[in-house]
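Participant: Need coordinates for the below:
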Amino acid sequence: MAARLEEIKNGASVRGIASAQAVHVVSVDWIGDQAISVVFRDHNGTVAESVLYRDDEHRLEVEQNGRPWSFDADGALLRLVTEANRIKLAHFFDPYLAIHTSLVDPLPHQISAVYGEMLPRQPLRFLLADDPGAGKTIMAGLLMKELIARSDLERCLVVAPGSLVEQWQDELGQKFNLEFDILSRDMIENSRSGNPFSDRDRLIVRLDVLARNEELQDKLMSAREWDLIICDEAHRMSATYFGGEVKYTRRYQVGQKLGQVCRHLLLMSATPHNGKEEDFQLFMALLDGDRFEGRFRDGVHYADTEDMMRRLTKEELLKFDGRPLFPERRARTVKYQLSDGEAALYTAVTEYVRTEMNRVQRFAEGDGKKRNNVGFALQILQRRLASSPAAIYQSLKRRRERLENELSEARLAAKGRRAGASESAINADMLRNIEEYGQEEIDELEDLISTGATTAETVEQLALEVETLKGLETMALGVLRSGVDTKWSQLNRILDDDLMVDAAGNRRKLIIFTEPKDTLHYLLDKVRARLGNPEAVEVIHGGVSREERRKVVERFMQDKDMLVLIANDAAGEGVNLQRGHLMVNYDLPWNPNKIEQRFGRIHRIGQTEVCHLWNLVAADTREGEVYARLLEKLEAAREALGGRVYDVLGELFDGVALKDLLFEAIQYGEQEDVKARLFQQVDGAVDQAHLLELLRRRALTNDTMPEARVEELRLEMERAEALRLQPHHIQSFFVEAFQHLGGRIKRREEGRWEITHVPVRIRERDRQIGTGAPIQTQYERICFEKDKINQQPVAAFVCPGHPLLEAVISLVREQYEQIMRQGAILVDDTDAGDALSAIFLLEHTVQDGRVTSIGKPHVISQRLQFAAIDKAGTTVNAGIAPHLNLRPARPEEVASVRDLLEESWLTTDLEKAAIRFATVELAQGHVAEVKARRLPEIEKVEQEVRARLKKEINYWDSRAFELKEEERAGKKTRVNWQNAQRRAEDLAERQKRRMDQLERERFISSQPPRVRGGMVVIPRGLLETRQAPSIPNHFAEDSAARRAIELAAMEAVMAAERALGNEPADVSDQKIGYDIASHDPRSGHLRFIEVKGRIDGADSVMVTRQEVITSLHEPEKFILAIVSVANGFAHEPRYVRGPLVEREPSFLETAIQFDLKRLLQRAEGVQ
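Facilitator: Numbers count the residues shown, from 1 in each chain. So this is what the prediction gives:
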């Protein structure tokens, strides 16, 4: 019915002002007598203003004509839409929602990183620097899911090294149901909008694809802002000071741009510090340029990064039971002596390498590219010599064939043509950063360079080198055909080591790391023959496809018959192989950091056994002598410092790389003074004092994970497990709501369902709001529990974030949102009281002085809470989901209490009372809590920024004065004084802008609390009193007597728990599904106890829906304590353990009445 303008009053609920949705009128001002200005609030809490004219009256409809609540909505629908809102805002009720809806079992350090360090930061600018193998990808996935649940993440970009992008895509998809695309050339060329960064909201991009393509960077900068950008292996975005100037790499410049186009920025690196403080501060400037402005000057600048990063080492990580997360690591050096034939081949090839290296020095001042390529080729040849007879033979053969072709072409060409002129176009930058490439690219580059790069400049020189190679090739073939391979013999002995079999005599799994593919295939044949079972051995190298690699890893992890994996460094990064704990480095990498990377494949989360590593080294070779010295010293250091020494292998040699030392040994190792110097460098690198300094520097922060914090986290997680929404709350809501919207769903195997029809409107809604995979027309199986997914057929896991659930929630909210403020009348069948109450869902929000990009206040914290109000105006916490324990009132029940429903406290200022309670009791404390957390953080940032920028401003002011004086004196200066002065002025302006921003962040205030929904509750006791004067035997005679029984029962259980040595806490006022949380200090776990006090003669016990769900969530920890009370005396409690029902109640079931005698038959004494 159309409403006149005169009917639009403060407090009214009106349709047609902004849309078909009802809005709440805040204020009305008349403009003459033909128009009104209306300030209103919509269902999302957004306040807006509109002018209405007489011509608009036909579309206006007043739902509440001045009265706050009518309480005449359908109670069943109110329960449904209230639960839809609760699940939509699930993070308010399930603080660890992402954990409960992801296929991971996170560890204490991962939980503390996400929920303790990263989520509270607004905005997030953070470095996560935990050790390798700590599960940083899992932390990133949990962060994403929590931000999505908070509606704080729509657009997310992951930037990672090329070798890791597929792993990111797999893990985010498989473990978190987050679908990401990998940016490809096809996406760039066929972008609908011309900008691939605008086309997709979830994208993974290779770091070097961005770094090498400035046009692509321009597209990144012009696309919409990203909510979150995550940079994996972020230390690759490095910059360094050289000669007084900053040398920015292209990757670093990409990092700077990424920071400009996102709200939240997370850098992830296990090695953020290269030992140079000025470089580390340049790296941290990617997170906050103001805090790290200018060059670090020792004694002038000090940077405290505690609030910007978290770093925990492997040795500090614990499991929930307090035991170390990572087992011990042990490495042993296995030396072997070359046979006469092998020694002769080694001498001959090494002499060839030395001769060619001496020649290549001629290019030191000239052709630098040729010098680099030839030097690299000779290093490859020497490493393959040490690898296996097969590798050196094939390498020499390929090099000879390639140079023979070059020779033939040169002889056919014009006389005097320079030989070798067609060398590949590989630049020094590619060689310097070769380890940044994927293994397949590395193999191709090495083959290309090792076969073609030569010092020969004439046909004659090239012909001479080809003849030399023919002789070496013949020698190598002789060694290969002789069958004498002392290195293989050592591996053969290792295969017979006692550690290779378990107590039952079964062979354990082993990983063998090599480098060249020739050696890998050589070993494949030998190990298969040795074991007598070809199926027991598999390989991974750069040429193995992503899908095939995944199958091999899956076989290694799951198939007991696969025993040996032979791999090169294609499996050295991003592959999890913790099913095995034995490893052999058949080929030692010339980059010691790769030893830790390889060891990290087995020494990672999930490993339970001591990890053993055998390092094979030829002690009578020049480079082998140096490497053996390093390994021996490392083992001695491990005895003193533990496995931590393996964490700093990549940082041992300062200013010189190990590969350079090894190659120097090859070139000059026969000179005793050179050998002594090389040994001295190795000894210094592994000196205990140096190692301790590396470990101290590597710590970077004072972060620890003490056992007390692990205990605290474990108890938090146990409480959260009892309260979680997944699976039972989600399941019961979804089934009810889906059927209500016309869907067809049938229960199949235990915990699994089949959907035979998804209505068109659900699919259409997904097309409007969906970000993931589209909704199907039917589902062979769905489930709500993680352990029900991987049965046959595989089920879709329906949880918050799944498009099917999100579409159902969206439709329910849109269709019935208005009835939340209309209110309904519900009945509490477990309450023996005799007075009505009202329950409201209250929302209170804390903001700071900033505004969002669309001009709205910047929200920094938000909470939802149910509160109950009685006739006297007393307001208390109503629990986490009171609507689920209440059923819709029947018409005759409403009629029986009609006189009470008409009382003034329910018809006048009820909403004001709720808002008053929220303002005084909830919002005030909320603001104080946020201020206590945020203000110290802001204060610290302000101090750091002010101090750093002030010193830089003073420095450039002073430099400007000095330069001006020098110019006046006629001196030439590299920088003119005006530029220095301008730099000081720019910094002063930056400081002012940052201080203004921090001042806005400091201005923390509360938005007015808002009532989102409400209901009137009739207690069953009141209904029974009105309908039948006799009191049922399970209720005490009056409220005071009932309260006395409840208190006596609670005290009896508390006393019983204390007698057991437990530490019980009364949490009954929180109404969370149990009354007592009792900590058992012996086991370290909690017991969740629901107490039911009953008078003698009672024959039944009423249990709420929430209490039943809690027993299903925590069957091992839940106890229903039944206490019989007579004449004020409580008998000894009886404990009913485990789930109260076999299957979760349907959404319509709000309470279950149990036969007391049957319950007591299950019960046992207190223990």
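Participant: what's the weakest-modelled helix or strand in the chain?
Facilitator: Lowest by mean pLDDT, DSSP states H and E among the helices and strands of the chain is helix 428-432, with a mean of 57.
Participant: next SSE after the lengthiest helix in the chain?
Facilitator: When the chain is parsed with DSSP state H, its longest helix is helix 924-968. For helix 924-968, the following helix or strand on the C-terminal side (DSSP states H and E) is helix 977-1002.
Participant: now the angle from that following helix to helix 924-968?
Facilitator: Here helix 977-1002 points in a direction 180 degrees away from that of helix 924-968 (axes from the mean of the first three to the mean of the last three Cα atoms, to 10 degrees).
Participant: Name the strands paired with the helix or strand that helix 977-1002 is followed by and say parallel or antiparallel.
Facilitator: Beyond helix 977-1002 on the C-terminal side, the first helix or strand identified by DSSP H and E is strand 1005-1006. Strand 1005-1006 has its sheet partners listed here by DSSP bridges as strand 837-851 (antiparallel).
Participant: could I get the following helix or strand past the strand it pairs with in CSV with only the CA atoms?
Facilitator: Proceeding N to C from strand 837-851, the next assigned helix or strand is strand 857-869, under DSSP H and E. What follows is strand 857-869 as a C-alpha-only set of coordinates in CSV (Å, rounded to 0.1, in the frame of the first residue of the first chain):
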residue,chain,number,x,y,z
PRO,A,857,35.4,5.4,6.5
HIS,A,858,38.3,3.0,6.9
VAL,A,859,37.2,0.1,9.2
ILE,A,860,40.0,-1.4,11.3
SER,A,861,37.9,-3.8,13.5
GLN,A,862,34.4,-5.1,13.5
ARG,A,863,32.4,-7.4,15.8
LEU,A,864,29.0,-9.1,16.0
GLN,A,865,27.3,-10.2,19.2
PHE,A,866,24.0,-11.5,20.3
ALA,A,867,22.6,-9.8,23.4
ALA,A,868,19.5,-10.7,25.5
ILE,A,869,17.4,-8.0,27.2
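Participant: Would you indicate which residues of strand 857-869 are buried?
Facilitator: Neighbour-count burial for strand 857-869 flags 859, 860, 861, 862, 863, 864, 865, 866, 867, 868, 869 (criterion: 16 or more other Cβ atoms under 10 Å). C-beta coordinates here come from the backbone N, C-alpha and C atoms, glycine included.
Participant: helices and strands around the longest helix of the chain, which ones?
Facilitator: Packing partners of helix 924-968 (3 or more Cβ pairs under 8 Å, 6 or more residues apart in numbering; DSSP states H and E): strand 837-851, strand 857-869, helix 977-1002, strand 1005-1006.
Participant: which residues does residue 318 contact?
Facilitator: Contacts for residue 318 (Cβ atoms under 8 Å, 6 or more residues apart in numbering) come out as 108, 109, 324, 325, 705, 707, 710.
Participant: Could you dump those into a markdown table and include secondary structure?
Facilitator: A markdown table is the format used below for the contacts of residue 318 (DSSP: H, G, I helix; E, B strand; the rest coil):
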| residue | secondary structure |
| --- | --- |
| 108 | helix |
| 109 | helix |
| 324 | strand |
| 325 | coil |
| 705 | coil |
| 707 | helix |
| 710 | helix |
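Participant: Going by neighbour count, which of the residues you listed comes out on top?
Facilitator: residue 109 (27 neighbours; other Cβ atoms under 10 Å).
Participant: Would you agree that one is in contact with residue 312?
Facilitator: Yes. Contact status for residue 109 versus residue 312: in contact at 5.5 Å, counting by Cβ atoms under 8 Å.
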